[in-house]
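Novice: Please find the sequence and the predicted model below.
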Amino acid sequence: MLKGKHAVVTGSTSGIGLAIAHELAANGANIVLNGFGDPQAIEKDRLNLEHEYGVKAYYINADLSKGEETRKFIEQSAQELGGIDILVNNAGIQHTDLIEDFPADRWDAIIGLNLSAVFHGTAAALPHMKKQGWGRIINIASAHGLVASANKSAYVAAKHGVVGLTKVTALENAGNGVTCNAICPGWVRTPLVEKQIVALAQKMGIDVEAAAKELLSEKQPSLQFVTPKQLAGAAVFLASPAADQMTGTTLSLDGGWTAR
Ligand code: NAD
């Protein structure tokens, strides 16, 4: 379905981003991987994509918390791939604290990566997409882009910002072949959430699996984690012709979190 398309997935050395890179490649797209991690493991992931799906896969190391670096990363990706059709703004980090205890540098880091990188990446990718009259921008927001939780001021502010930016991007490009939508996952058991499960286990004096159940029961009525593969399926759907008229929306995969 996506044969010959060129896709950039930010923060794709782990978790949701890596699963999205796999699913896009499985559908024929060439991929730029990005994110931090062990260089040997990243190279293995890159080669896996090429061998499993017969696509071209590149890795570009860039710190997307920096605006200029994000814009350069998009230009370099377009050069390596020979164009850019699909941008998945996925890289994200978390920190939890009460507002009055929230370290200012953590606030800046979360806004920088979870929100400003989406702006800079989108701004750099749009000229490429508009020129060719086709593009898909898929922002990985969160249930926290729609509703709030205590102790997550920066994350909730950034993700609400991403949902707003998604709508503006959609309006500015309506009718020109470029769509922009946000996916809003509930709890997904990736390294980002594992840290929160371990912290909860320590706080409650329970084991990690009991803490995982506790975490789910507080927010997610299905009591099951969303899987990275399910989110990757949603990303492929948004890149497909079935979603040509879908723009400026949020797609919730959250086990019922935001239904109540
Ligand atoms: P993860 O920690 O598994 O992956 C995060 C990725 O971002 C990694 O590849 C990491 O190297 C990369 N990254 C971190 N800092 C970076 C930087 N400065 N520049 C470039 N890359 C950087 O997390 P995940 O759970 O897969 O999260 C992916 C996205 O999904 C995030 O935007 C997160 O907010 C969102 N999300 C996650 C959940 C969840 O429950 N896990 C729920 C809703 C939304």
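Specialist: Structure's in. What do you need? Numbers count the residues shown, from 1 in each chain.

Novice: any idea how far L251 lies from the ligand?
Specialist: Distance of L251 to the ligand, computed by CB to the nearest ligand atom, to the nearest Å: 12 Å. (Glycine included, C-beta is placed from N, CA and C.)

Novice: swap in D254?
Specialist: In this view, D254 and the ligand are 8 Å apart by CB to the nearest ligand atom.

Novice: number of nearby residues for that residue?
Specialist: 22 (other CB atoms under 10 Å).

Novice: What pLDDT does the model give the residue nearest to it when sequence neighbours are not counted?
Specialist: Of all residues not flanking D254 in the chain, G186 sits nearest, at 3.0 Å (CB to CB, 6 or more residues apart in numbering). pLDDT recorded at G186 is 98.

Novice: G186 against L253, yeah?
Specialist: Yes - G186 is in contact with L253 according to CB atoms under 8 Å; the separation is 6.9 Å.

Novice: in the stretch 51-200 of the chain, which spans are helices?
Specialist: Assigned by DSSP state H, counting those that start in this stretch, the helices in the stretch 51-200 of the chain fall at 67-81, 104-110, 117-132, 153-173, 191-204.

Novice: Could I get these in a markdown table, plus columns for distance to the ligand?
Specialist: Output for these, formatted as a markdown table (distance: least, CB to the nearest ligand atom, whole Å):
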| stretch | distance to the ligand |
| --- | --- |
| helix 67-81 | 8 |
| helix 104-110 | 8 |
| helix 117-132 | 7 |
| helix 153-173 | 7 |
| helix 191-204 | 4 |
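
Novice: and those helices as TSV, adding mean pLDDT, distance to K229 and mean neighbour count?
Specialist: Shown next, in TSV, are the helices of the stretch 51-200 of the chain (pLDDT from 0 to 100; distance: least, CB to CB, whole Å; neighbours: other CB atoms under 10 Å):
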stretch	mean pLDDT	distance to K229	mean neighbour count
helix 67-81	98	24	18
helix 104-110	98	26	15
helix 117-132	98	23	20
helix 153-173	99	22	20
helix 191-204	94	16	14
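
Novice: mind giving me TSV with those and columns for distance to A234?
Specialist: Below are the helices of the stretch 51-200 of the chain laid out as TSV (distance: least, CB to CB, whole Å):
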stretch	distance to A234
helix 67-81	22
helix 104-110	24
helix 117-132	17
helix 153-173	14
helix 191-204	18
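
Novice: Minimum distance to L18: which of those helices has it?
Specialist: L18 lies closest to helix 191-204 among the helices of the stretch 51-200 of the chain, at 10.9 Å (CB to CB).

Novice: which strands and helices sit next to the closest one?
Specialist: Contact here means 3 or more CB pairs under 8 Å, 6 or more residues apart in numbering; DSSP states H and E; on that basis helix 191-204 packs against helix 208-219.
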